[in-house]
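Student: Quick one: sequence and predicted model below, then my questions.
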Amino acid sequence: MGARAIWSAAGLCLWPPLHIIYTSGIAQLLAEHGALGQLYADDTQAYMHCVSSKAVSTVRAMGQALTVLEIWMASNRLCLNPAKTKFTWLGTRQQLAKLDLTDISSQFPDYAISSSVRDLDVILDQELSFALS
């Protein structure tokens, strides 16, 4: 199993039924671009699986999915909160060691690549260790 690229975006503020109506097409939109999507309240996560040798192309594909999502959201009078949009990698220590995160960060300077992300008030680190900080 390889590393998994993930990005998380949050910040939609809508009445719950209206939010469901507005966001009902997001998971399918992400799937059309090769990403799995999960939506929780006002959080959206997209996942892609890859081997370390495909990390750069996976980030590029994830970026394309993000761009399509931003366009879709703008056409529906919504927007992503850039301050809450982050990319991270999930995997074992051995899998993560195969990634050149410095190179990836330099190739994609506009993406906030983080060693952890918040998911429903749970901090997920890259190895999913669930260690208390």
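Tutor: Looks like it arrived, so ask away.

Student: residues in contact with the helix or strand containing Ser106?
Tutor: Assigned by DSSP states H and E, Ser106 falls within helix 101-107. Outside helix 101-107, the residues within contact range by Cβ atoms under 8 Å, 6 or more residues apart in numbering are Ala55, Val56, Val59, Trp89, Tyr111, Ile113. For glycine as for every other residue, the C-beta is placed from the backbone atoms N, C-alpha and C.

Student: 7 Å instead, please
Tutor: Surrounding helix 101-107, the residues in contact under the criterion Cβ atoms under 7 Å, 6 or more residues apart in numbering are Ala55, Val56, Val59, Ile113.

Student: and if you look at stretch 58-67?
Tutor: Contacts of stretch 58-67 (Cβ under 7 Å, 6+ apart): 5, 7, 30, 33-35, 46, 48, 50, 87, 104, 108, 111.

Student: and those residues, which two are the farthest apart?
Tutor: Farthest apart among the contacts of stretch 58-67 by Cβ to Cβ are Leu30 and Ile104. That separation is 20.6 Å.

Student: These two: who's more crowded?
Tutor: The neighbour comparison of Leu30 against Ile104 (other Cβ atoms under 10 Å) goes to Leu30, with 25 against 18.
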